[in-house]
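[1] Sharing a model that was predicted from the sequence below.
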Amino acid sequence: MTTPLICPSILASDFSKLGEEVRAITEAGADWVHIDVMDGHFVPNITIGPDVVKALRPHSALPFDCHLMISPVDSFLEAFRNAGADYISLHPEAGPHLHRSLKYIRQLGAKPGVVLNPATPVEILDWVMDDIDLVLVMSVNPGFGGQSFIDSQLRKIEVIRKKLDAVGHHAILQVDGGVNAQNAHKCVEAGATAMVAGTAVFKGGPDAYAANIKQLKGL
Ligand code: DX5
Ligand code: ZN
């Protein structure tokens, strides 16, 4: 079984010292930094904007993985790219022209991702396959950290794994929400290659980050 990429969601970090937290997870062996962007409109919570992403950029050389839960989304893509986002993922429901938005992200020089909510059908991927570098399966309804993993999403990961393999697509298959040491291996078995984790990485404070990440990797 391949070792998954671990992408700590800084939503679960101490917001009063975000820079330190990003440095701490970088030193603790994280692969990416997952940044949850929420607008209080597309999802019922407000978090981080492009200025914060920009301020965090000097604190880590790891890829910045910006998960945009905002609507409208198109008018903010350039700002997130300029702030230092490497991956930019968006929800099909967040804008009128998914294909156009994905093309635009690539044009900006970032890697585009599509995020599927628990009830979003996988078929939408069929029509944007050439335009994505990442598929993110939400294993909770977006908006908050610390929710419980929705088991039905394991089946969705399996379906997407088959879809990607059938056409030899090398997109990262990422899962986000309620991921912990107990269910991480199930996600990998289903075909996920990257895991977002907030609570499971940041629990116990900085001294625990390295061990928490190792555990999620199944090492
Ligand atoms: C939910 C976010 C997730 C979440 C993960 O909308 O996209 O990234 O913060 O946090 P945990 O791992 O605590 O569920
Ligand atoms: Zn997320």
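    Cool, got the structure. Keep in mind that what you see is a predicted model, and the values were worked out from it rather than measured. Residues are numbered from 1 along each chain as shown. Ligands and ions are numbered 1, 2, ... in the order given.
[2] just checking, next helix/strand downstream of the lengthiest helix in the chain?
    Secondary structure assigned by DSSP state H gives helix 152-166 as the longest helix of the chain. Downstream of helix 152-166, the first helix or strand assigned by DSSP states H and E is strand 172-176.
[3] Run through the neighbouring helices and strands of that next one.
    strand 5-8, strand 111-116, strand 134-138, helix 152-166, strand 194-197 (3 or more Cβ pairs under 8 Å, 6 or more residues apart in numbering; DSSP states H and E). Heads up, the C-betas are built off the backbone N, CA and C, glycines and all.
[4] Count the residues that sit near the closest residue to ligand 1 within the chain.
    Closest to ligand 1 within the chain is Gly198: 2.9 Å, counting by Cβ to the nearest ligand atom. Close neighbours of Gly198, defined as other Cβ atoms under 10 Å, add up to 24.
[5] which residue sits closest to it in space, ignoring its chain neighbours?
    Distances taken as Cβ to Cβ, 6 or more residues apart in numbering place Ala12 nearest to Gly198, at 3.3 Å, with adjacent residues excluded.
[6] cool, and Ile25?
    The shortest distance from Ile25 to any non-neighbouring residue, by Cβ to Cβ, 6+ apart, is to Pro8 (4.7 Å).
[7] who in the chain is up against ligand 1?
    By the rule Cβ under 6 Å from any ligand atom, the part of the chain lying against ligand 1 is 9, 11-12, 34, 36, 67, 140, 142-143, 145-147, 176-179, 196-200.
[8] Phe36: helix or strand, and which one exactly?
    Rather than Phe, residue 36 is Asp. strand 33-38.
[9] Give me the residues contacting the helix or strand just after that strand.
    Using DSSP H and E, the helix or strand that directly follows strand 33-38 along the chain is helix 50-56. Applying Cβ atoms under 8 Å, 6 or more residues apart in numbering, the contact partners of helix 50-56 are 10, 18-19, 22, 33, 35, 64, 66, 76, 79-80, 82-85.
[10] do the same with stretch 142-150
    Residues outside stretch 142-150 that contact it (Cβ under 8 Å, 6+ apart): 9, 11-12, 36, 38, 43-45, 69, 91, 115, 117-118, 139-141, 177-180, 183, 198-199.
[11] Flag the shaky bits of the protein, pLDDT-wise.
    Residue ranges of the chain with pLDDT under 70: 1.
[12] For it, which residues are neighbours of ligand 2?
    Residues of the chain lying close to ligand 2 (Cβ under 5 Å from the ion) are Asp36, His67, Asp176.
[13] State the distance from Ile10 to Glu27.
    According to Cβ to Cβ, to the nearest Å, Ile10 stands 14 Å off from Glu27.
[14] Mind checking which of these two has more residues around it?
    More crowded of Ile10 and Glu27, by other Cβ under 10 Å: Ile10, with 25 against 12.
[15] before we move on, back to that, out of the residues of the chain next to ligand 2, give me the one that has the most neighbours.
    If you count neighbours using other Cβ under 10 Å, the busiest of the residues of the chain next to ligand 2 is His67, which has 28 neighbours.
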